[in-house]
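>>> Next comes the sequence, and after it the predicted model I'd like to discuss.
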Amino acid sequence: MSDSRIRQFKHKGKDDAELRRRRAEEMVELRKSKRSEAVAKRRQVPELDENGDMGAPPPHSPQSSDPHTHHVLEGVSTSITSSDYNTQLSAVVSIRRLLSTNNHSSTYDEVLKHGYLPVLVQLLERSDQPMLQYEAAWCLTNIASGTSEQALAIVNNGAIGPLVSLISSAPHLSTQSLWTLGNIAGDSTHLRDFVIRSNILPPLMDCVVASPPISIRHLRLVSWVMSNLCRYNQPSPPLEAVLQLLPLMKILISHDDVEVCKDVCWSLSFLSDGGGSVDHVTAVIDSGIVAHLVTMLGKHQSSILVPALRAVGNLATGSAAQTQLVINHGALMYFPTLLVSTEERVKKEASWALSNVTAGTPEQIEAVADAQLLPLLIDVFSTSEFVTKREAAWAIANFAIAGLPQQLAYFVKCRGLPLLCDLLIFRDNQVIKVALNAILAILRGANGHFQELAMAFEEGGACHMLEQLETHENPAIAEMASAMISEFFCGDSDEVMNVGPVAGAAQYEFGVSGDAAISFPPV
């Protein structure tokens, strides 16, 4: 298909700015609602939960320092620099326990104010005393889980180099340093890139390919750190780093551990986000990992499905070739299960991903039809919560906007017309606009001769709804509603539609300019 032909259909009815706005809004909502799944920072508390999970950080409290904090920190003022090993270790353990149990940002500030941060960083290089290194790194892990200023203070005190060196040390030191580095990299693009420039990638690679393999807990930290190195796209991480990380992801995405797979999928969702660099999306595709990513849609855990769907949907927002790549790898065969998931967030992400496929070429819309996904999308709209309804609405309306006449016939057969009428009173202006475009596409697709369709829209209340929209607060909606009433719903129906339907045995046929006659079922 020629580029000019593709441009007639890809994202028809939505300009690039609108697509980018929707992606940005969705990503903001995603980062808020899925914080526990794609968490950027993690505190370390003394004990893991019964599943061995490190969990997400509790919210930081703005409370001021309490007497206990002051007492502990004053009590170690001399012992933390003692030349006696046991005395110094006891002091560092006291600070670590305080930071692990009193998780207030103000507590972290008190540690910094007392001047203990440079001492803790220096202790990272005490290779003769691994326990001092470990306890110091643990302290830094929790401080790094605090504010951006606190994470930056760790960097400014020169901790990154020693922490990167510790990745290649004994497992307990390696995991602790990874934890701290992950918190720092997850704070901002500036600190992410600083960690990358500090040569973290070679020891990460060694962890992934280690023989014998590292522990699952260790590998989970590696995959989580990798996801934070891919996080954010304004700007995206350095392309050279991404090219080194993708082969590691290709190894880890097939791992049996859910947490590891989840973090790899988040990494791919960050890299494939259309708000970032085209080169990064190309790198993801060229790595050959998309085929493995698509198979993640067959998993049962929502913690994997959500980021996997996000990554697949991101790829589908790109060129027609990218969308076709997703289809060619068999993504659509998983959607009948995804769209009936008991997890609302899975249905939402699946509907969003499909909205980018139905905005594609006629061949891609036909693939959605062949997979019998349109009736399922209509069911999702009818039975789901508002945010999920919105995504299903986009997918359904895009199908009608970009569909060819025979695909519009299928749309009518699936009883899509009443749904389009319902969308005219939806609580989202962008959905109303796309519904108006869909109705316009259907009526004009019949070349002005589809009287039965116009009657069906009127019976569904569309004419009354359009009259109400004429006074809508959004000028674009009001103008479009008025124009559609003038074009399709004024005067005698015989005059407006010009000709009536030719009755067939079980359907009506209507002439369509530029195409053979198409058949619609009675409406």
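Now that the structure is in, tell me what you want to look at.
>>> Apart from its neighbours in sequence, what residue is nearest Val258?
Excluding the flanking residues, the one nearest Val258 by CB to CB, 6 or more residues apart in numbering is Gln301, at 5.3 Å. (Glycine included, C-beta is placed from N, CA and C.)
>>> quick one: the one you found from Thr141, how far?
27 Å (CB to CB, to the nearest Å).
>>> Would you mind telling me which of those two has more residues around it?
Thr141 (28 against 15; other CB atoms under 10 Å).
>>> and the helix or strand harbouring the more buried one, what's its mean pLDDT?
Applying DSSP states H and E as the criterion places Thr141 in helix 130-144. Across helix 130-144, pLDDT averages out at 97.
>>> Just want the angle from whichever helix or strand comes after it to helix 130-144.
Moving toward the C-terminus from helix 130-144, the next helix or strand (DSSP H and E) is helix 148-156. Orientation of helix 148-156 against helix 130-144 (axes from the mean of the first three to the mean of the last three CA atoms, to 10 degrees) gives an angle of 140 degrees.
>>> Run the chain-centre distance for helix 148-156.
Distance, stretch centre to chain centre, for helix 148-156: 28 Å (CA atoms, centre = their mean, to the nearest Å).
>>> Only the buried residues of the helix or strand that it is followed by, if you could.
Tracing the chain C-terminally past helix 148-156 and defining elements by DSSP H and E, one meets helix 160-166 next. With burial defined by 16 or more other CB atoms under 10 Å, the residues of helix 160-166 counted as buried are Ile160, Pro162, Leu163, Val164, Ser165, Leu166.
>>> quick one: average confidence on whichever helix or strand comes after helix 160-166?
Heading C-terminal from helix 160-166, the first helix or strand you meet, by DSSP H and E, is helix 171-185. For helix 171-185, mean pLDDT rounds to 97.
>>> Show me what helix 171-185 is packed against.
With contacts taken as 3 or more CB pairs under 8 Å, 6 or more residues apart in numbering; DSSP states H and E, helix 171-185 sits against helix 130-144, helix 148-156, helix 160-166, helix 189-197, helix 216-230.
>>> between it and helix 189-197, how big is the angle?
140 degrees.
>>> Figure out how far helix 171-185 is from the centre of its chain.
That offset, for helix 171-185, works out to 25 Å (CA atoms, centre = their mean).
>>> Tell me, what's the model's pLDDT at the residue nearest to Val258?
The predicted local confidence for Gln301 is 97.
>>> and it, backbone torsions?
With angles defined as degrees, to the nearest 10, Gln301 sits at phi -80, psi 130.
>>> Just to check, it is in contact with Glu259?
No. Assessed by CB atoms under 8 Å, Gln301 is found out of contact with Glu259, at 9.8 Å.
>>> ok, Ala478 touching His472?
Yes. With contact defined as CB under 8 Å, Ala478 counts as touching His472 (4.6 Å).
>>> Tell me the spacing between Leu297 and Val222.
24 Å.
>>> Then Gln150?
According to CB to CB, Gln150 and Val222 sit 24 Å apart.
>>> Neighbour count: the two, which is higher?
In this view Gln150 and Val222 are compared by other CB under 10 Å, and Val222 has more residues nearby, 25 against 22.
>>> Who are the contact partners of that one?
Leu178, Leu204, Cys207, Val208, Ile214 (CB atoms under 8 Å, 6 or more residues apart in numbering).
>>> do the same with Glu135
Residues in contact with Glu135 (CB under 8 Å, 6+ apart) are Leu89, Val92, Val93, Arg96, Leu123.
>>> Among those residues, which lie within helices?
Taking DSSP state H, the ones among those that sit in helices are Leu89, Val92, Val93, Arg96, Leu123.
>>> can you list the residues you listed in CSV and add neighbour count and distance to His190?
Converted to CSV, these look like this (neighbours: other CB atoms under 10 Å; distance: CB to CB, whole Å):
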residue, neighbour count, distance to His190
Leu89, 20, 34
Val92, 24, 29
Val93, 16, 32
Arg96, 22, 27
Leu123, 23, 26
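>>> how about TSV for these, with distance to Asn199 added?
Output for these, formatted as TSV (distance: CB to CB, whole Å):
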residue	distance to Asn199
Leu89	29
Val92	27
Val93	30
Arg96	27
Leu123	21
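>>> right, and Asn429 touches Ala478 too?
No. Using CB under 8 Å, Asn429 is not in contact with Ala478; the gap is 11.0 Å.
>>> Centroid-nearest residue for this structure?
In the chain, the centroid-proximal residue (CA atoms, centre = their mean) is Arg310; its distance is 4.2 Å.
>>> now the angle from the helix or strand containing it to helix 216-230?
Using DSSP H and E, the element containing Arg310 is helix 302-316. Here the directions of helix 302-316 and helix 216-230 differ by 30 degrees (the same axes, to 10 degrees).
>>> Got the phi and psi for the residue nearest to Asn314 when sequence neighbours are not counted?
Excluding the flanking residues, the one nearest Asn314 by CB to CB, 6+ apart is Ser272, at 3.9 Å. As for Ser272, its main-chain torsions (degrees, to the nearest 10) stand at phi -90, psi 0.
>>> Confirm that Ala392 sits in a helix.
Yes. Looking at Ala392 with DSSP: H, G, I helix; E, B strand; the rest coil, it is inside a helix.
>>> any idea how far it lies from Ser302?
Distance from Ala392 to Ser302, by CB to CB: 18 Å.
>>> Which one of those two is surrounded by more residues?
Ala392 (28 against 18).
>>> wouldn't the more buried one be in contact with Thr383 here?
No. Using CB under 8 Å, Ala392 is not in contact with Thr383, being 9.7 Å away.
>>> roughly how far is the helix or strand containing Glu458 from the heart of the chain?
In the assignment (DSSP H and E), Glu458 maps to helix 451-459. Here the centre of helix 451-459 is set off from its chain's centre by 39 Å, with CA atoms, centre = their mean.
>>> Which strands and helices lie in contact with it?
Here helix 451-459 touches helix 416-423, helix 429-445, helix 493-497, going by 3+ CB pairs under 8 Å, 6+ apart.
>>> Against which helices or strands is the longest one packed?
Using 3+ CB pairs under 8 Å, 6+ apart as the contact test, the elements touching helix 429-445 are helix 386-402, helix 405-413, helix 416-423, helix 451-459, helix 462-469, helix 475-488.
>>> redo that, cut-off 7 Å
Secondary-structure packing of helix 429-445 (3 or more CB pairs under 7 Å, 6 or more residues apart in numbering; DSSP states H and E): helix 386-402, helix 405-413, helix 416-423, helix 451-459, helix 475-488.
>>> mean confidence for stretch 206-215?
Computed over stretch 206-215, the average pLDDT equals 96.
>>> before we move on, back to that, columns distance to Leu73 and mean neighbour count on top of the helices and strands packed on helix 451-459, output as JSON lines?
Listed next are the helices and strands packed on helix 451-459 as JSON lines, based on distance: least, CB to CB, whole Å; neighbours: other CB atoms under 10 Å:
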{"stretch": "helix 416-423", "distance to Leu73": "60", "mean neighbour count": "21"}
{"stretch": "helix 429-445", "distance to Leu73": "53", "mean neighbour count": "21"}
{"stretch": "helix 493-497", "distance to Leu73": "81", "mean neighbour count": "14"}
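>>> Which one of the ones you listed lies nearest to Ser482?
Among the helices and strands packed on helix 451-459, the nearest to Ser482 by CB to CB is helix 429-445 (10.9 Å).
>>> Let's see that closest one as CSV, backbone CA atoms only.
What follows is helix 429-445 as a C-alpha-only set of coordinates in CSV (Å, rounded to 0.1, in the frame of the first residue of the first chain):
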residue,chain,number,x,y,z
ASN,A,429,-15.6,16.0,24.8
GLN,A,430,-13.0,14.1,22.8
VAL,A,431,-15.2,11.0,22.7
ILE,A,432,-18.2,13.1,21.5
LYS,A,433,-16.0,14.5,18.7
VAL,A,434,-14.9,11.1,17.6
ALA,A,435,-18.5,9.8,17.7
LEU,A,436,-19.7,12.7,15.5
ASN,A,437,-16.9,11.8,13.1
ALA,A,438,-18.0,8.2,13.1
ILE,A,439,-21.6,9.0,12.4
LEU,A,440,-20.5,11.4,9.6
ALA,A,441,-18.3,8.6,8.1
ILE,A,442,-21.2,6.1,8.1
LEU,A,443,-23.7,8.5,6.5
ARG,A,444,-21.3,9.8,3.9
GLY,A,445,-20.0,6.3,3.3
